[in-house]
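K.L.:
Dropping a prediction and its sequence here:
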Amino acid sequence: MSRAYRIAIVEGDDLIREIVQRWLSEAGHTVEVRSLSALLAGNGFDVILVDVASPRSGAPLIAAIRAVHQAPIVMLSARLRSNQAGSSSLARQLGVKAVLGKPFSREELLAAIESV
C-alpha cells in the first residue's frame, strides 16, 4: 500500500459492508460507513465506494455524489463484473474511476482502491 486513504462506504448489504470495512481497515485505511444523505452532507474523503443496484439507474446517485465530492468513486455492483467489456465504458459515462463487480476478492478491492 502506498498510503492510507480516508474512504467512505455506502453499501446497504450488512455482510458486504462489514467485510469491506474490515479489509480496508486491515490495509491501514480509515473507513467511514455513511448513508447516502450523510455522504452528501459531508466531505473530505479520498475515495468513495458506493453500491449501485442497477448501474444505469444509478446515474442520478453518482451525479449527486460527484456534485458534492471531488474524490474518485468506485462503483460496486452485482450486475456488472470488473472485467466485463461494458464496465469500463459505463464507468467513463458515469464518471466513476472503477467498477468492482460483486462478488469480489480482498485483492480486487485493494487493487481498485490503489488504481484510483
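P.N.:
Perfect, I can see it now.

K.L.:
Apart from its neighbours in sequence, what residue is nearest V50?
P.N.:
Distances taken as Cβ to Cβ, 6 or more residues apart in numbering place V10 nearest to V50, at 4.5 Å, with adjacent residues excluded. Glycine gets a C-beta too; all of them are placed from N, C-alpha and C.

K.L.:
Ramachandran angles for that neighbour?
P.N.:
phi -120, psi 100 (degrees, to the nearest 10).

K.L.:
For it, give its distance to E107.
P.N.:
Separation of V10 from E107 (Cβ to Cβ, to the nearest Å) stands at 22 Å.

K.L.:
Compare these two (neighbour count), which wins?
P.N.:
More crowded of V10 and E107, by other Cβ atoms under 10 Å: V10, with 22 against 9.

K.L.:
how about the more buried one, what does it touch?
P.N.:
By Cβ atoms under 8 Å, 6 or more residues apart in numbering, the residues touching V10 are R34, S35, L36, L39, I48, L49, V50, D51.
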